[in-house]
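> What follows is a protein structure lacking sequence information:
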């Protein structure tokens, strides 16, 4: 592994491991999309327990579970494809090198593919955990009583939000794995491609969390919900 490879891989690790802490800092200062959505979902669950008919809530949860399942299935196919190349022997590895990848020793090529596989595998685990928590949340929605003490309703709404928010946080982490998997795939063409890919993915993720039109819209909605 050359010095540029080590430098680019170090940048990748810094961005991958530092994204979460940086997001927490931004959330405390100016707010982020994920942080604002935590309050929006809590408001949703508080309203949900006061509805007599929760068909809309169930449909929204079903849509979310289907989305997570779709991403998980796609992730599994990508893992199978990358794993097939990585463990397919020297012929499969040379086939990757023949379609434009940087000419490097086979052990280094295996390391590059392994990095892609790790990103995808981490994302798959996040999607699986997200789906499980979403199903738990759906059970709480179904168990919410139509009548009852106001305090009990609020407590159940908070419990549902305490499940829903980590579930969709895990979903976001799984989607983030795609960004870093794409960045790590750029390493196949050289270390400078990896550095550019991870820097671009990191900047895009931060912008979408803090400065995108979606982030501004949700921030406005959060302020309105906080006034109620």
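Cool, the structure landed. What you see is a predicted model, and the numbers here were worked out from it, not measured in a lab.

> after the least confident helix or strand in the chain by mean pLDDT comes which helix or strand?
Least confident helix or strand, the chain: helix 90-98 with a mean of 68, by mean pLDDT, DSSP states H and E. As assigned by DSSP states H and E, the chain's next helix or strand after helix 90-98 is helix 106-143.

> and that next one, how far out from the chain's middle?
9 Å (CA atoms, centre = their mean, to the nearest Å).

> Identify each buried residue in that helix, please.
Neighbour counts over helix 106-143 (16 or more other CB atoms under 10 Å) mark 109, 111-113, 115-131, 133-134, 137-138, 140-141 as buried. Glycine gets a C-beta too; all of them are placed from N, C-alpha and C.

> Stretch 213-223 too?
215, 218, 219, 222.

> out of those, which are inside helices?
215, 218, 219, 222 (DSSP state H).

> and the gap between the second one and residue 40?
It stands for residue 218. 7 Å (CB to CB, to the nearest Å).

> pLDDT score assigned to residue 177?
For residue 177, the pLDDT comes out at 91.

> let me fix that: residue 15
At residue 15, pLDDT is 90.

> swap in the one 3 residues further on?
Reading off the confidence values, residue 18 has pLDDT 88.

> wait, what's in contact with it?
If a contact means CB atoms under 8 Å, 6 or more residues apart in numbering, then residue 18 has no contacts.

> quick one, strands of the protein?
When assigned using DSSP state E, the chain turns out to have no strands.

> Could you list the low-pLDDT ranges of it?
Residues of the chain meeting the criterion pLDDT under 70: 92-93, 95-102, 147-148, 227-228.

> mind redoing it with 80?
1, 26-31, 52-54, 88-106, 144-153, 226-228 (pLDDT under 80).

> Where do the helices of it begin and end?
Using DSSP H, the helices found in the chain span residues 3-29, 33-48, 55-86, 90-98, 106-143, 150-185, 191-210, 213-227.

> got the ones in helices among the buried residues of stretch 213-223 as TSV, with distance to residue 161 columns?
Formatted as TSV, those follow (distance: CB to CB, whole Å):
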residue	distance to residue 161
215	21
218	16
219	19
222	14
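
> tell me the contacts of the closest residue to residue 69 other than its chain neighbours?
For residue 69, ignoring the flanking residues on the chain, the nearest one in space by CB to CB, 6 or more residues apart in numbering is residue 131 at 6.2 Å. Listed by CB under 8 Å, 6+ apart, the contact set of residue 131 reads 65, 68, 69, 72.

> what number of residues lie near the closest residue to residue 225 other than its chain neighbours?
Take residue 225 and drop its neighbours on the chain: the residue closest to it by CB to CB, 6+ apart is residue 43, 4.7 Å away. Counted with other CB atoms under 10 Å, residues neighbouring residue 43 total 18.

> ditto for residue 159
Neighbour count of residue 159, defined by other CB under 10 Å: 17.

> doesn't residue 140 make contact with it?
Yes: assessed by CB atoms under 8 Å, residue 159 is found in contact with residue 140 at 6.3 Å.

> So residue 180 sits against residue 200, correct?
No: look at residue 180 against residue 200 with CB under 8 Å: they stay out of range, at 11.2 Å.

> follow-up on the earlier one: what's the distance between the residue nearest to residue 225 and residue 114?
To residue 114, residue 43 is 43 Å away according to CB to CB.
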